[in-house]
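> next input, structure requested:
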Amino acid sequence: MSISDAFRTFIGNIKVDNSDTIGLRYEEITGALNQEFRSTDSKVANRLRIGSYGRWTAIKGVSDLDMLYIMPAWRWADYEDGGQYALLKKSADAIRARYPRTPVKVDRLVVQVRYGDFHVEVQPVFEQADGSFKYPDTYGDGAWKITKPRDEIAAMAEFELQKNKNLRRLCRMARAWKNKHGVAMGGLLIDTLSYNFLKQMIEYDCKSYLYYDWMSRDFFKYLSEQPKQDYYAALGSGQRVRVKKDFRSKAKKAYELCLSAIEAEGETYRNERWRRVYGRGFPPRPDSRVAEAVVAMDAYAAPNTEEFIEDRFPVDVRYDIELDCEVTQRGFRPTFLRSMISSRMPLLANKSLRFFVKSSEVPKPYDLYWKVLNRGKQAVKRKCIRGQITRDGGYHERKESSDFMGDHIVECYAVKDGVVVATDRTHVPISTTRD
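I've put the predicted structure just below:
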């Protein structure tokens, strides 16, 4: 498989696969609101799909969908003075009345309509003469604020044509990286950074899939070298887009992984290196089907028992979660694994390890899942790959021990409303084997 075919397959693998269902949900909500505010049955009029789905940059697993419902202009007088919450409540009641078994609630700026594995955030708005919209904010005493999604959608569509359709593909690839590595970045920030990158990187104006390995390398280098800042000016609208978490260190790691993958061009394991950047959406090596049931190393073989969280839940990372590990041994003072690694202290066998959630921005409640994956010759020899995904017992911690050599991995996944919304991993490089 050529690198061009590999990236073409990758883009196809991560495309939204439930667009028919999403479209039906949009129609249900639109119909309920049109009936309430206009006494019509139209399921498509007076709405605007926004967010990543509206900009055509969403990928498989998208769970956070956005929609504007454009109110009749003559209703402005009913809500102009302090009617922000009243408008949101009226909208929520209309949807709930028509679909009583669907969970619906007001959430500060929007009406949240929750379905099985995704939700739609509906914002009733009043259109302004310049094409922008006033939307209600119920925080504090309430206010009307301005949003300009049409400018963002138009900028995306125009630039997409100028850049040989590379912009939306890059946005989707960046989302796959974000989900793989637990990068807490909003969709508009990803699209804005992708836009800014291609705006100043004219080398890819006439290039396509054949150069997506280099484009990936250059994009992550660009991200890693961004100055630290709290917000960016959104593409098209220029409105502020908040930076939730500093993404530069993870972008630098992605850049290094891209270099490693590019060096492997022509090797059978090339695709596996790209999967380290983008996850399982990237096609595996051609011979992987033969070996996927076992892991072989140095004449040893073991059953491959690794499980993958995306086989259980949609993955749409939106929040940051951070793991840490406390290392203890009888007679010694406890220390932390991250500080040991940074100071190049070896992690030896016969240590007790307590992995725990150091910090989390995920709104409670949420469920936590763990995966412990052993790697290396000793793991294969002992037939102890592990890698099963297990639910946390309620303490947000996992106790293990350092038994044998290998660069092992511990991952955690925060699952809220049936969607993985945050993830983190830590490497556990054990230097010796317990006797």
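> so after the longest helix anywhere in the chain, what's the next helix or strand?
The residue-count maximum for a helix in the chain (DSSP state H) belongs to helix 19-38. The helix or strand immediately downstream of helix 19-38 is strand 47-50, counting by DSSP states H and E.
> what's that next one packed up against?
Applying 3 or more C-beta pairs under 8 Å, 6 or more residues apart in numbering; DSSP states H and E, we find strand 47-50 packed against helix 19-38, strand 64-70, helix 149-162. Bear in mind the C-beta positions are built from the backbone N, C-alpha and C, glycine included.
> closest one to Q226 among the ones you listed?
Smallest distance to Q226 across those (C-beta to C-beta): 19.3 Å, for helix 149-162.
> list the buried residues of that closest one.
P149, R150, D151, E152, I153, A154, A155, M156, F159, E160 (16 or more other C-beta atoms under 10 Å).
> likewise for stretch 334-345?
For stretch 334-345, the neighbour count (16+ other C-beta under 10 Å) marks T335, L337, I341 as buried.
> next one: it to chain centre, how far?
When distances are taken as C-alpha atoms, centre = their mean, to the nearest Å, stretch 334-345 is centred 29 Å away from the chain's centroid.
> which residues touch it?
D324, C325, E326, V327, T328, P346, L347, L353, T426, H427, V428, P429 (C-beta atoms under 8 Å, 6 or more residues apart in numbering).
> of the helices and strands packed on strand 47-50, which approaches S402 most closely?
strand 64-70 (38.7 Å).
> rounded mean pLDDT for the very next helix or strand once past that closest one, please.
Scanning forward in sequence from strand 64-70 by DSSP H and E, the next helix or strand is helix 76-79. Averaged over helix 76-79, pLDDT sits at 96.
> stretch 248-266 too?
On average, stretch 248-266 scores 97.
> how about the spatially most central residue of the chain, secondary structure?
In the chain, the C-alpha closest to the average C-alpha coordinate belongs to V317, at a distance of 3.1 Å (C-alpha atoms, centre = their mean). The three-state label given to V317 by DSSP: H, G, I helix; E, B strand; the rest coil is coil.
> ok, the spatially closest residue to it that is not a sequence neighbour - how many residues close by?
In space, and not counting its chain neighbours, V317 is closest to N179: 5.0 Å by C-beta to C-beta, 6 or more residues apart in numbering. By other C-beta atoms under 10 Å, 25 other residues sit near N179.
> mean pLDDT added to the helices and strands packed on strand 47-50, as a markdown table?
Output for the helices and strands packed on strand 47-50, formatted as a markdown table (pLDDT from 0 to 100):
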| stretch | mean pLDDT |
| --- | --- |
| helix 19-38 | 96 |
| strand 64-70 | 97 |
| helix 149-162 | 95 |
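> what's the closest of the ones you listed to Q123?
strand 64-70 (5.3 Å).
> which elements pack onto that closest one?
helix 19-38, strand 47-50, helix 51-54, strand 119-127, strand 133-137.
> return the helix or strand in the chain with minimum mean pLDDT.
Ranking every helix and strand in the chain by mean pLDDT, DSSP states H and E puts helix 288-291 at the bottom, with a mean of 52.
> neighbouring strands - and their directions - for the helix or strand that that helix is followed by?
For helix 288-291, the succeeding helix or strand toward the C-terminus, using DSSP H and E, is strand 294-297. Applying DSSP bridges, strand 294-297 is found paired with strand 300-303 (antiparallel).
> kindly format the C-alpha coordinates of the partner strand as CSV.
Extracted in CSV, the C-alpha atoms of strand 300-303 (Å, rounded to 0.1, in the frame of the first residue of the first chain):
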residue,chain,number,x,y,z
TYR,A,300,8.3,-16.3,21.9
ALA,A,301,4.6,-15.9,21.2
ALA,A,302,1.7,-14.9,23.4
PRO,A,303,-2.1,-14.4,22.9
